[in-house]
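Visitor: A predicted structure for the sequence below; I have some questions about it.
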Amino acid sequence: MVFLPEACDYIGDSKTETLSMAEPLNGDVIRAFCTLAKENEIWLSIGGIHEQVNCSAAKTGLCCEKHLCFRSIT
């Protein structure tokens, strides 16, 4: 298993930049991590990825930090 640190996707220079770069869990960054795990046949622990929040109950300009694990399925 490979462990990556908190905020391994990016660290924005400001709150505005961080929020603008957040992606949904089906975004390009997560797909890239899935591909890495599969191609290298490893488990991958992502210590904290910024998830874009899109729900009617959420205030504008929010993101969540998620810890995710991926495993290679061959």
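Guide: Ah, there it is.
Visitor: C-alpha from now on. contacts and neighbour counts both.
Guide: Fine.
Visitor: Which pLDDT value goes with the residue nearest to the spatial centre of the chain?
Guide: By C-alpha atoms, centre = their mean, the chain has its centre lying nearest to residue 49, at 3.2 Å. Residue 49 carries a pLDDT score of 86 in this model.
Visitor: go on, residue 25?
Guide: Reported pLDDT for residue 25: 85.
Visitor: I'd assumed residue 63 was in contact with it.
Guide: No. Using C-alpha atoms under 8 Å, residue 25 is not in contact with residue 63; the gap is 11.3 Å.
Visitor: Look at these two and report which has more neighbours.
Guide: residue 63 (21 against 16; other C-alpha atoms under 10 Å).
Visitor: dump the residue contacts of that one.
Guide: Each residue near residue 63 by C-alpha atoms under 8 Å, 6 or more residues apart in numbering is listed here: 19, 22, 50, 51, 52, 53.
Visitor: Kindly indicate the member of those with the most neighbours.
Guide: Going by other C-alpha under 10 Å, residue 50 tops these with 25 neighbours.
Visitor: mind checking which helix or strand it is in?
Guide: Assigned by DSSP states H and E, residue 50 belongs to strand 44-52.
Visitor: Other residues contacting that strand?
Guide: Strand 44-52 has contacts (C-alpha under 8 Å, 6+ apart) with 1-9, 19, 22-25, 33, 37, 62-71.
Visitor: Buried ones from those, can you make that a PyMOL selection?
Guide: In PyMOL, this line selects whichever of the contacts of strand 44-52 come out buried by 16 or more other C-alpha atoms under 10 Å:
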select buried, resi 6+7+9+19+22+23+25+33+37+62+63+69+70+71
